[in-house]
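Trainee: Pasting the sequence and the predicted model now:
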Amino acid sequence: MSMPPRSRTGSGPLIAGLIIVAVVAIAAIALLAAGITPERAWNSFFPVGGTGGVTDRSRDVQRLYDIVFYIAAVVFILVEGLIVYSVFRYRRKSTDTDLPPQIHGNNLVEVIWTVIPTAIVLVLFALSWQTINQVEAKVPAEVHVRAVAARYQWSFDYLAADGKTILFTQSLPVGEDGGLVLPVGEPVLIDLRSEDVIHAFYVPKFLFKRDVVPGRLNQFNFTVDEPGTYRGQCAELCGPFHGSMLFEVHARPKAEFDQWLADQIAKANATPAPAPSGDAAGPVIQLAAQNVAFTSATLEVPAGPFTIHFKNEDPAVPHNVEIKDASGAQVFKGDIVTGPIETDYRVSALAAGTYTFVCTVHPNMTGTLTVN
Amino acid sequence: MATTTLHPAAPAYRSRSTLYDWLTTTDHKKIGIMYLINSLMFFVAGGILALVVRVELAQPGLQIVSEEFYNQAFTMHASFMLFLFIIPILAGFGNYIVPLMIGAPDMAFPRINALSLWLLPLGGLLMASGFFVSGGAAAAGWTEYPPLSGAKFSGTGTDLWIMGLTLIGTSSILGAINFLVTIFKMRAPGMTLFRMPVMVWTVLVTSILVLMATPVLTSALIMLFIDRNYGGHFFDPNNGGNAILYQNVFWFYSHPAVYIMILPAMGIISEVLPVFSRKPLFGYKAFVFATVGIGALGFSVWAHHMFTTGAVFLPFFSLMTFLIAVPTGVKMFNWIATLWRGQLTFATPLLFATGFLMLFLIGGLNGAFSAAVPVDFALHDTYWVVAHLHYVLFGGSVFGVFAGIYYWFPKMTGRMLDEGLGKLQFVLMFIGFNLTFFPMHQLGLAGMPRRIADYAASTGWSELNTVATIGGFIIAASMLPFFWNVLVSLRSGKVAGDDPWEANTLEWATSSPPPPYNFDHLPEIRSERPVFDARHGRTTNH
């Protein structure tokens, strides 16, 4: 039984070629139109946009990433090239009535393409192992902090040299007055503790994450070597508001850090200040935070000073109300309070217009304030 | 020669109706087709949930769903796609095609086969019914890690998820036993193990994996159920349990499950490529050994999902994970060598098979980054991993599934699918797929974690998320020509004949669709390409 050859080398390759050219052209135009330079596009293939890590260990990870990336890129171009070449080169022609040579295999090439990949992955494994030892190395630490994760909140216990006594607790995970404050150039040891489910401590600029597992003490060492503020986030699903579980790392010069630490310890040991009085000025508007969200998305106030009666209903979660004008500049910032609690924020007169209110701790919590 | 003129005597009894006939059938072909239909329905449901996720993430801010529903959406998306689409649709192909490929009249245990099928919609509906109970469907991710999946943090939907998945697992185990007995005991005379089509080999290895791994998952699920409902403390660290234990037991199944989800798709590709390049599969035995090798190594890499837990021995699992790239690489080179100097006909099955090669390659290479443990510390649980797993399971398995559908539809129905619509589907799906999942590499590198419902505009993640969402809708659009194609072709597609592709394996030696008993006459089986041999005579020794 023989059938006529089915394939014709008709318009197929032409159409395929045109589709490919069109897609590439559209993609290039779209990228340029969005203002994305080739350099930015290239950098997006490297961790944190090619800006690199900021800890001693992250540089080792970065080096390993680069090696894996370039090897993968070469293999990609080579193998993808072979596929594309075969696809265009070996199309059946109308003259192909006889079968092509029926080659069932070749032991030599099988050995070659088994041995070469084996060699490549063994080299990669050796490099990885070396980097594991660098990243996991334990060193004596100057600063010992316990990061405590609870749904949906980070807090940081600064520990004394015995590794147990809490010097003070930084309960605000973000903001100028909050965050994990660390010295530049000093070895740091972090303990991880979970109060409920599994979380993960993740700072993209550290090129590192580690799970926070209830019932298990995970520890890791590193030294930050560039001052700055770095965003961190829970990376293990912990419930509906997992995406709101943010924190910040503030890396400060050693002297500044030491001063800050001394101040914090002094403040923690001082007697707590009396609770703010409940006297209200101007009209009082009600606002509450629940499940890491404001209960109303819009507020309206008349001109003149007013008071926000703020109710934080999230247990153990800090919230506040910060008001920003249309340009994003801060016009009011309330004290951050950890729920469940009620407080009054007195806001001085604002010009008529539209403002945004946000929670400083949770930038995803926003709403609109209209002053008439 | 594939001719069928014989006809059996009049049936002993008449079935009451077509519907009754299908619902009560034990014919592996009807069961296989019902597997495919059931799987495609869950594919659509899972796809809709994926679109919900993509629309929500397109821009910063919560637009369409609550955080609670968002978590249900991605959890059920993954559960549908993995447990109710990819695994069963490949089992469906196996059901339809394995007995035909080895020249058997049916599966070894036809009634158990029907039971395996009917457990699937039951388990699936049980799982999906979580959407209608208070607290909603399971929402702790398809991995359902405790303590988050425990009674304190998750509602009744999780119990329904556990019960549904246990039924689906039982279906898999029964199916695996059935495949193994069929393959070992029911091969036609002359069909030695090394003359079996590679597709049959992949189903064989997959069945061994299912048989060894699925009971372990079932044990994890039952322990979780006891913890949730009867005061057990298997995974409760406050009472002497261990939360990491669940992850070990879960991944001891779920990593081999990745191979359960890709090996039969590799089998499909290994049938399609030789037929459409008119050459034998290059290195048949190497390919079989690579399949067995992947199956064996697949049991020693589970903890690479747990590198960041701080509770696993990193170098060992790193080494094994790197090593499993080798047999996979061997397969890739064997496929390319099959195309090499062939005479390629770009019918839709070959288009999807080529798409598989191009995308699965990326899914292999970006996996190497996670095998390098310190790099995994940076990339784990970010969108990089989402990109990786979709390049393997969508770029790989799903493209393989569509190659299989276009390839065997003529055998199953007697009619060809339309080539124009098929090519349109392929082009849309290929572009949409890459637009959706390629930017996720960059999102992961930029630090975007998985499974978050929202992100701040200041993170700079919105551009790439918008691109990914547009891509998602292009993938959805690519399904329209497909379903239209199936509906139209069933009625008025070109009549296929016994062997429209000039194929190699025994299913093409009988009529399309085959009679209930499969074969009136078998050609002589002297190689892995008996139908080719019958057409051309043996061309070479091997």
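Mentor: On my side now, so go ahead.

Trainee: could you say what helices and strands the helix or strand B:Phe399 falls within packs with?
Mentor: Following DSSP states H and E, one finds B:Phe399 within helix B:399-413. Contact here means 3 or more C-beta pairs under 8 Å, 6 or more residues apart in numbering or on different chains; DSSP states H and E; on that basis helix B:399-413 packs against helix B:28-57, helix B:87-101, helix B:243-277, helix B:348-371, helix B:419-445, helix B:462-492. (Each C-beta comes from the backbone N, C-alpha and C, glycine too.)

Trainee: So, low pLDDT: which residues of chain A?
Mentor: Along chain A, segments meeting pLDDT under 70 span A:1-10, A:271-281, A:316.

Trainee: can you count the residues close to the residue of it found nearest chain B?
Mentor: For chain A, the residue closest to chain B is A:Gly215, as judged by C-beta to the nearest C-beta, at 2.4 Å. By the criterion of other C-beta atoms under 10 Å in any protein chain shown, A:Gly215 has 17 neighbours.

Trainee: Apart from its chain neighbours, what residue comes closest to it?
Mentor: Leaving aside its sequence neighbours, A:Gly215 sits nearest to B:Pro237 (C-beta to C-beta, 6 or more residues apart in numbering or on different chains; 2.4 Å).

Trainee: from memory that neighbour sits against A:Pro214, does it?
Mentor: Yes. Checked against C-beta atoms under 8 Å, the pair B:Pro237 and A:Pro214 is within contact range at 4.6 Å.

Trainee: joint contacts of the two?
Mentor: Counting by C-beta atoms under 8 Å, 6 or more residues apart in numbering or on different chains, the shared contacts of B:Pro237 and A:Pro214 are B:Pro147, B:Ala243.

Trainee: Quick check on A:His199: phi, psi?
Mentor: Recorded main-chain torsions at A:His199 are phi -120, psi 180, according to degrees, to the nearest 10.

Trainee: Give me the helices and strands touching the host helix or strand of A:Val111, please.
Mentor: Counting by DSSP H and E, the element that carries A:Val111 is helix A:107-136. When contacts are defined as 3+ C-beta pairs under 8 Å, 6+ apart, helix A:107-136 sits against helix A:56-89, helix B:314-323, helix B:325-339, helix B:348-371, helix B:373-379.

Trainee: show me where the stretch 151-300 of chain A has helices.
Mentor: Using DSSP state H, counting those that start in this stretch, the helices of the stretch 151-300 of chain A run over residues A:254-269.

Trainee: Which residues of it lie near chain B?
Mentor: Counting by C-beta under 8 Å from any C-beta of the partner chain, the stretch 151-300 of chain A comes close to chain B at A:196-198, A:200, A:202, A:204-205, A:207-211, A:213-216, A:218, A:231, A:233-244, A:291.

Trainee: number of nearby residues for the closest residue to A:Thr366 other than its chain neighbours?
Mentor: Closest residue in space to A:Thr366, ignoring its immediate chain neighbours: A:Val358 at 4.8 Å, by C-beta to C-beta, 6+ apart. Other residues lying near A:Val358 total 20 when counted by other C-beta under 10 Å.

Trainee: hmm, back to that, hmm, the residue of chain A closest to chain B is touching B:His233, no?
Mentor: No. In this structure, A:Gly215 is not within contact of B:His233 by C-beta under 8 Å, at 11.0 Å.

Trainee: Could you pull out the residues contacting both of these two?
Mentor: Residues touching both A:Gly215 and B:His233 comprise B:Gly241, with contact defined as C-beta under 8 Å, 6+ apart.

Trainee: ok so, going back, on the C-terminal side of the helix holding A:Val111, identify the next helix or strand.
Mentor: The element immediately downstream of helix A:107-136 (helix or strand, assigned by DSSP H and E) is strand A:143-150.

Trainee: Please save the CA atoms from that following strand in PDB.
Mentor: Coordinates of each C-alpha in strand A:143-150 appear next as PDB, following Å, rounded to 0.1, in the frame of the first residue of the first chain:
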ATOM      1  CA  VAL A 143      24.400  41.300  66.000                       C
ATOM      2  CA  HIS A 144      21.900  38.700  66.900                       C
ATOM      3  CA  VAL A 145      18.300  39.200  65.900                       C
ATOM      4  CA  ARG A 146      15.300  36.900  66.000                       C
ATOM      5  CA  ALA A 147      12.800  37.500  63.300                       C
ATOM      6  CA  VAL A 148       9.400  36.400  64.500                       C
ATOM      7  CA  ALA A 149       6.700  35.700  61.900                       C
ATOM      8  CA  ALA A 150       3.000  35.600  62.700                       C
END
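
Trainee: how much space between B:Gly232 and B:Val216?
Mentor: When C-beta to C-beta, to the nearest Å is applied, the distance between B:Gly232 and B:Val216 equals 18 Å.
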